[in-house]
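**Q** here's my sequence, what's the structure:
(one chain, ligands or ions: 3)
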Amino acid sequence: KASSPITVDPFTLVGKELKGLTTNIKMNLGSNLRQLDTLSKYYFEAPGKHLRPTIVLLMAQATANLSPHYNTPKHLINVLVNDPLAPQSILHDTNPSFHNDISQRGQDGVLPTQRRLAEIVEMIHVASLLHDDVVDDADTRRGAPSAPVHFGNKLTIFAGDFLLGRASIMLARLRSLEVAELVGATIANLVQGEVEQLNETYQSSSNDLNTVVDEAFQRYLAKTYLKTASLISHSARAAVCLGGVGVNENWAQGEYLKDAAYDYGRNLGMAFQLVDDLLDYTPSADLGKPGEGADMQLGLATAPALFAWRELGDEMGTMIKRKFKHPGDVQNAKALVAKSNGMPKTAELAASYIDKAKSALHRLPKSDARDGLEALCLKVLDRVK
Ligand code: FPP
Ligand code: MG
Ligand code: MG
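**A** Residues are numbered from 1 along each chain as shown. Ligands and ions are numbered 1, 2, ... in the order given. The predicted structure follows:
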């Protein structure tokens, strides 16, 4: 059957919630050390896209006030009673009444804890950007001079750590071990993704071009999950956890919905980073941060370059393996990517992740919020900055 086009604007659906986001975050970043106070708030002065908090808030709305056992697959029902290894924290939730306090839900279905999660997730994201701009030697971010340019590398690293510390306090106050575990795992994943990116040498035990490129592509996608999709997928899952679905007797329903949220976030996150990597090759892009080959200047071969490697062979591969270090490499590689199918193939791959994100969404009940999450898919594919 023909599906009607989605017309809702995801950012409008959570507009009211997002309004308070930056103010609340800043309230949690106060310090009597002037430098820390200013620097930890610095990236919150310019408007960000707020993709991660938007997903958290929409996922909260999309899973609020569900009928009991919504769509719970038969094979999951009773798995709880049959599985001696089911975690005790799920069997006997540490504080179910806290999660289930429906009277706390706002008119839009969002709980105060879920709003707080949106803030925590944005703080972790910004902490990672502070560290990233040191690592990448970036001179701009969000259309302004980057924190390291303004305040130096040392203070920028400390500000990122300070943000993580304050976010941890806020996380503890959610009183959910399940959510703490998800968020903690994500922070470790971010770091692991960055180290894997740093360690990439494009070595292979094979001499076959397709095999060598396939292996590099697998590592690239695994790294992309860690550095970008992990935060989005884990926070989408955590939003559902805090909503109280799946507590005690509804465990199977909860797992079903949490998995759907996770799969949505994972696939959307992969697409988001692929488009980000594509925009680095788009000459006209006004990104508010370094673009136009910035990744290659850092020695990084992202999807467009890897596709060009498979298509053109050694001409491209040699430069990738020496991390574009010889004079003229970045220019030459850019030209090769442009004449290859690397960019359209990257867009196609991003679109295939978006398709998976949409089918994950369709495991949730139909609602305006779900439509908003679907509209977000299109925005991620079409974004120009
Ligand atoms: C942006 O990627 C950066 C990330 C997605 C993650 C960075 C993570 C770290 C530096 C590890 C430390 C983490 C914490 C939580 C302190 P990019 O450089 O490809 O994108 P850009 O173009 O936005 O700079
Ligand atoms: Mg980086
Ligand atoms: Mg960077």
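
**Q** quick one: the helices in the stretch 101-250 of the chain?
**A** Applying DSSP state H, counting those that start in this stretch to the stretch 101-250 of the chain gives helices spanning 112-135, 147-151, 153-172, 177-199, 209-224, 230-242.

**Q** which among those is found nearest to Met59?
**A** helix 230-242 (4.1 Å; CB to CB). Glycine gets a C-beta too; all of them are placed from N, C-alpha and C.

**Q** the helix or strand just after the closest one close to ligand 2?
**A** Next in sequence after helix 230-242, counting helices and strands by DSSP states H and E, comes helix 251-279. No - Helix 251-279 stays clear of ligand 2 (CB under 5 Å from the ion), getting no nearer than 10.1 Å.

**Q** other SSEs contacting helix 251-279?
**A** helix 51-62, helix 79-82, helix 88-91, helix 209-224, helix 230-242, helix 303-312, helix 342-361, helix 368-382 (3 or more CB pairs under 8 Å, 6 or more residues apart in numbering; DSSP states H and E).

**Q** can you lay out those helices as CSV showing distance to ligand 1?
**A** Below are the helices and strands packed on helix 251-279 laid out as CSV (distance: least, CB to the nearest ligand atom, whole Å):
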stretch, distance to ligand 1
helix 51-62, 11
helix 79-82, 34
helix 88-91, 24
helix 209-224, 9
helix 230-242, 8
helix 303-312, 12
helix 342-361, 14
helix 368-382, 15
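
**Q** and the pLDDT at the closest residue to Asp277 other than its chain neighbours?
**A** Excluding the flanking residues, the one nearest Asp277 by CB to CB, 6 or more residues apart in numbering is Thr302, at 3.7 Å. pLDDT for Thr302: 97.

**Q** right, and Thr302 touches Asp280 too?
**A** Yes - contact criterion CB atoms under 8 Å: Thr302 and Asp280 qualify, at 6.8 Å.

**Q** skip the chain neighbours and tell me the closest residue to the most centrally placed residue in the chain.
**A** Nearest residue to the geometric centre of the chain (CA atoms, centre = their mean): Ile232, 3.2 Å. Once flanking residues are discounted, Ile232 sits nearest to Gly269: 3.7 Å by CB to CB, 6+ apart.

**Q** one step back: who touches both of Thr302 and Asp280?
**A** Residues touching both Thr302 and Asp280 (CB atoms under 8 Å, 6 or more residues apart in numbering): Asp295.

**Q** re earlier: TSV please, covering the helices of the stretch 101-250 of the chain and showing distance to Gly48.
**A** Formatted as TSV, the helices of the stretch 101-250 of the chain follow (distance: least, CB to CB, whole Å):
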stretch	distance to Gly48
helix 112-135	7
helix 147-151	14
helix 153-172	14
helix 177-199	17
helix 209-224	20
helix 230-242	14
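
**Q** among those, which is the most enclosed?
**A** helix 230-242 (a mean of 27; mean count of other CB atoms under 10 Å).

**Q** just how off-centre is it within its chain?
**A** Taking CA atoms, centre = their mean, to the nearest Å, one finds helix 230-242 lying 10 Å from the centre of the chain it belongs to.

**Q** next secondary structure after the helix or strand where Lys19 lies?
**A** Per DSSP H and E, Lys19 falls inside helix 15-27. Using DSSP H and E, the helix or strand that follows helix 15-27 towards the C-terminus is helix 34-42.
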